[in-house]
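[1] coords please:
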Amino acid sequence: MARLDLAQLRTVLLVRLSSIGDILLTTPVLRLLRQACPQARLDFALKAPYADLLRANPCVDRLLLVPPGESLRAMWRRLRQQRYDLVLDWQRTLRSRVLLWGVRATHRLAYNKRTVRRALLVHLGWNLLRPPLAVPELYARPLRRLGLTAPLPPLEMHLTPESQAAAAAYLEQALPAGQRQPLLAVAPGARWATKRWPAERFAAVAQALADAHGAAVVLLGDADDVPLAQAICQQLRAPVLDGTGRLSLMQTAALLQRCRLLLSNDSGLMHLAAALRVPVVAVFGPTVAEFGFYPFQATAQVVSLALPCRPCSTKGSRRCPRQHHQCMRGLSSEQVLDAARQLWPAAHP
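    Numbers count the residues shown, from 1 in each chain. I've put the predicted structure just below:
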């Protein structure tokens, strides 16, 4: 097989099917790849619910969407219709391997998830992940060996004019121009229960910041986060806009971009804030920096407790394996508020 020359590539398939944070973390590498291969067509395969993350990204030429419920066979047939010079698997799961099996490609690359090293840290406490490597750098490593040596830029999220107009209209309806005030975003959700800081503590920090800065609170998340948002709303005296489950992903991004600061868990919206250059205070419980998913090149504060039981999982879980959930319950509102106070002056006007 001929040596892979990035400058000669004409067609490239990039695969990262999900989720919000994982896809956004590919964008620094997409930027470098576009600069190195301006002549190439870059296709990106991902699940349809996440299409907004790359819909307006100028580094991607074509999105190949996997609709909800579509079989791997159907998607595989679609991919078989195109021959690629390079296929890069940033998912590295059984599903992505099956999907890419038989796809016609001259070269294939995949990133190293360091699964064994992560498992050793979680289950045996053996830390072979030092120094920590950010996930974008892990995504870039297969290409580094081919001459892609430039430093990684920050994450990117490109908004459409329609989403910006929708966010402006939403704000105008909720907060008329005469009552316009700084916006504080709160994203209380996370896919796994052990990664969620208690809703009442998010409410306490949000209220303190709202009092200090005359801010309105914007709650963000998907339909699964509605109960958490309602619990927070009931404890707030400040003006509040509850956008959970009501906005598209692109509209959520456009609304978040207008906020001074985001309070969140270790979640996709944390990475979305980083991509939008919105300062973020993130609460981390069962996961640690060594996994590489901290806010990348962002104005950020990560708040966590140094406990011997951390990390207990690589992604989070439904319940604390030790039944105490001290990594989250032990984090006080004052600790998170202190971090937020440090970042608020750095937040954009």
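
[2] three-state assignment of the nearest residue to Y294 once chain neighbours are set aside?
    What sits nearest to Y294 in space, not counting adjacent residues and going by CB to CB, 6 or more residues apart in numbering, is V302, at 5.8 Å. No exception for glycine: its C-beta is placed from N, CA and C like everyone else's. Here V302 is recorded as strand under DSSP: H, G, I helix; E, B strand; the rest coil.

[3] Verify the stated contact: V302 with A282.
    Yes - shown here, V302 and A282 form a contact pair, counting by CB atoms under 8 Å, at 5.1 Å.

[4] overlap in contacts of those two?
    The contact sets of V302 and A282 overlap at 294-295 (CB atoms under 8 Å, 6 or more residues apart in numbering).

[5] so where is the stretch 151-300 of the chain shaky, pLDDT-wise?
    Within the stretch 151-300 of the chain, the ranges that satisfy pLDDT under 70 run 176-179.

[6] mind listing the strands for it?
    Counting by DSSP state E, counting those that start in this stretch, the stretch 151-300 of the chain has strands at residues 183-187, 216-219, 240-242, 261-265, 280-283, 300-303.

[7] Looking at V302 and A282, which one has more neighbours?
    A282 (28 against 16; other CB atoms under 10 Å).

[8] contacting residues for the residue nearest to Y294?
    When contacts are counted by CB under 8 Å, 6+ apart, V302 is found next to 282-284, 289, 294-295.

[9] quick one: what helix or strand has L64 in it?
    Here L64 sits within strand 62-66, counting by DSSP states H and E.

[10] Now do the buried residues in that strand.
    For strand 62-66, a neighbour-count test (16 or more other CB atoms under 10 Å) marks 63-66 as buried.

[11] Same check on stretch 151-169?
    For stretch 151-169, burial by neighbour count (16+ other CB under 10 Å) applies to 152-153, 155-159, 163-164, 166-167.

[12] any chance of those residues in a markdown table, with distance to H271 too?
    Formatted as a markdown table, the buried residues of stretch 151-169 follow (distance: CB to CB, whole Å):
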| residue | distance to H271 |
| --- | --- |
| L152 | 14 |
| P153 | 15 |
| L155 | 6 |
| E156 | 11 |
| M157 | 9 |
| H158 | 15 |
| L159 | 15 |
| S163 | 18 |
| Q164 | 20 |
| A166 | 22 |
| A167 | 19 |
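
[13] Of all pairs in these, which one spans the longest distance?
    Spatial extent of the buried residues of stretch 151-169 (CB to CB) is set by the pair L152 and A166 at 31.2 Å.

[14] how near is P49 to T149?
    Noted for P49: a distance of 35 Å to T149, by CB to CB, to the nearest Å.

[15] typo on my end, it should be L331
    40 Å.

[16] what do you get for L236?
    The gap separating L236 from T149 is 49 Å, by CB to CB.

[17] Over to L54?
    With CB to CB as the criterion, L54 and T149 are 24 Å apart.

[18] Those two: who's more crowded?
    Between L54 and T149, L54 has the larger neighbour count (other CB under 10 Å), namely 22 against 11.

[19] Excluding chain neighbours, what is closest to that one?
    Spatial nearest neighbour of L54, excluding adjacent residues (CB to CB, 6+ apart): V60 at 5.1 Å.

[20] What is the burial count for the one you found?
    The number of residues packed near V60 is 22, by other CB under 10 Å.

[21] Need phi/psi at it.
    Backbone torsions of V60, given as degrees, to the nearest 10, read phi -110, psi 130.

[22] give me every residue that touches it.
    Neighbours of V60 in contact, by CB under 8 Å, 6+ apart: 30, 42-44, 54.

[23] at 7 Å instead, please
    Contacts for V60 were tallied using CB atoms under 7 Å, 6 or more residues apart in numbering; they are 30, 42, 44, 54.

[24] Just the pLDDT for it.
    With respect to pLDDT, V60 scores 98.

[25] and what of P349?
    On pLDDT, P349 comes in at 49.

[26] Tell me how many other residues crowd the closest residue to H325 other than its chain neighbours.
    Excluding its sequence neighbours, the residue lying closest to H325 (CB to CB, 6+ apart) is T194, at 6.5 Å. Using other CB under 10 Å, T194 has 21 neighbouring residues.

[27] Show me where the stretch 1-150 of the chain has its helices.
    Assigned by DSSP state H, counting those that start in this stretch, the helices in the stretch 1-150 of the chain fall at 20-24, 27-36, 72-80, 94-100, 115-124, 135-144.

[28] okay, those helices, which one's buried deepest?
    Across those, the average number of neighbours (mean count of other CB atoms under 10 Å) peaks for helix 20-24, which reaches a mean of 23.

[29] what packs against that one?
    With contacts defined as 3 or more CB pairs under 7 Å, 6 or more residues apart in numbering; DSSP states H and E, helix 20-24 has these neighbours: helix 268-275.
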